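*Asks:* Sharing a model that was predicted from the sequence below.
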Amino acid sequence: MPTFSICLLFTFNFIIFSNFCNTAYGIFCEETTEAITIKRVEKTSHLHFYFHDVISGKQPSVVKIAGPPNSTGYGFGATMIMDDALTEGPEISSKLVGRAQGMYAIAAQEELSLLMVMNFAFIEGTYNGSSISILGRNPVLNDIREMPIVGGGGVFRLARGYALADTIRLDYKTGDATVEYHVYVSHY
Ligand SMILES: *[C@@H]1O[C@H](CO)[C@@H](O)[C@H](O)[C@H]1NC(C)=O
Ligand SMILES: *[C@@H]1O[C@H](CO)[C@@H](O)[C@H](O)[C@H]1NC(C)=O
């Protein structure tokens, strides 16, 4: 008789747990969600576009917001905000695929190197409304600079990866630049 009672008790408990899962008290449901997430496959996308940093003219896409009154040789401390066009081709008139919004600062005293803090906000195709966040070091006179992708939104949730930047055009008088970007981003 005692054995039979224990068995009934277990059955009862099991039913209660099942009900918990179907109702608002969902600690067991959360575990199920986690298990599904783990099964999702990570993919890597390669994005290719051109970045236009326009400092000169009537409608610059970069503005200086801060800096020391008398800066040293490389402009140490100068800080800029940008809303730069990202285009499909190397010409600024080519198809707009997104914008690079964020800031950069001259963060080195012995060379020309920038701290980049920016989001690539895309407006094209499956990436429309999605973004990638970049935080990195950009020694702009080097051939290819690598910057880490630290996150993203939309299709780029939980993103990580890297961006490779290559300046293909630089006007030494104005500072206007066109930079080719290859972005390798892993996401779900
Ligand atoms: C900046 O330079 C100006 C002119 O050369 C000078 O008068 C001023 O004292 C300097 N300011 C600082 C903070 O060094
Ligand atoms: C991108 O999404 C916005 C907002 O949903 C929409 O207005 C726009 O037409 C879309 N652009 C493209 C190229 O699909």
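*Replies:* Nice, thanks for sending it over. Ligands and ions are numbered 1, 2, ... in the order given.
*Asks:* now the end-to-end length of stretch 86-99.
*Replies:* 5 Å (C-alpha to C-alpha, to the nearest Å).
*Asks:* And stretch 51-66, by the same measure?
*Replies:* Taking C-alpha to C-alpha, the first and last residues of stretch 51-66 lie 23 Å apart.
*Asks:* Buried residues of that stretch, list them for me.
*Replies:* Within stretch 51-66, the residues that count as buried by 16 or more other C-beta atoms under 10 Å are 51-55, 60-62. From N, CA and C alone the C-beta is placed, and that goes for glycine too.
*Asks:* Could you find the residue in the protein that comes nearest to ligand 2?
*Replies:* Asn128 (3.7 Å; C-beta to the nearest ligand atom).
*Asks:* and that residue, what does it touch?
*Replies:* Phe122 (C-beta atoms under 8 Å, 6 or more residues apart in numbering).
*Asks:* which residues touch whichever helix or strand Ala100 is part of?
*Replies:* In this assignment (DSSP states H and E), Ala100 forms part of strand 96-106. By C-beta under 8 Å, 6+ apart, the surrounding residues in contact with strand 96-106 are 49, 51, 65, 71, 74-88, 112-124, 127, 134, 138.
*Asks:* does it come close to ligand 2?
*Replies:* No: contact between strand 96-106 and ligand 2 is absent, the nearest approach being 9.1 Å (criterion: C-beta under 6 Å from any ligand atom).
*Asks:* for stretch 140-156, same thing?
*Replies:* No: applying C-beta under 6 Å from any ligand atom, one finds stretch 140-156 separated from ligand 2 by no less than 10.5 Å.
*Asks:* List the buried residues of that stretch.
*Replies:* For stretch 140-156, using 16+ other C-beta under 10 Å, the buried residues are 140, 145, 147, 149, 151-152, 154-156.
*Asks:* Distance from it to the middle of the chain?
*Replies:* Relative to its parent chain, stretch 140-156 has a centroid offset of 7 Å by C-alpha atoms, centre = their mean, to the nearest Å.
*Asks:* Compute the first-to-last residue distance for that stretch.
*Replies:* 26 Å.
*Asks:* For it, the averaged confidence score.
*Replies:* For stretch 140-156, mean pLDDT is 97.
*Asks:* Mind listing residues that contact it?
*Replies:* Residues contacting stretch 140-156 (C-beta under 8 Å, 6+ apart): 111-114, 116, 126-127, 129-139, 158-167, 177, 183, 185, 187.
*Asks:* picking that back up, hmm, which two among the buried residues of stretch 51-66 are most spread apart?
*Replies:* Phe51 and Pro60 (14.5 Å; C-beta to C-beta).
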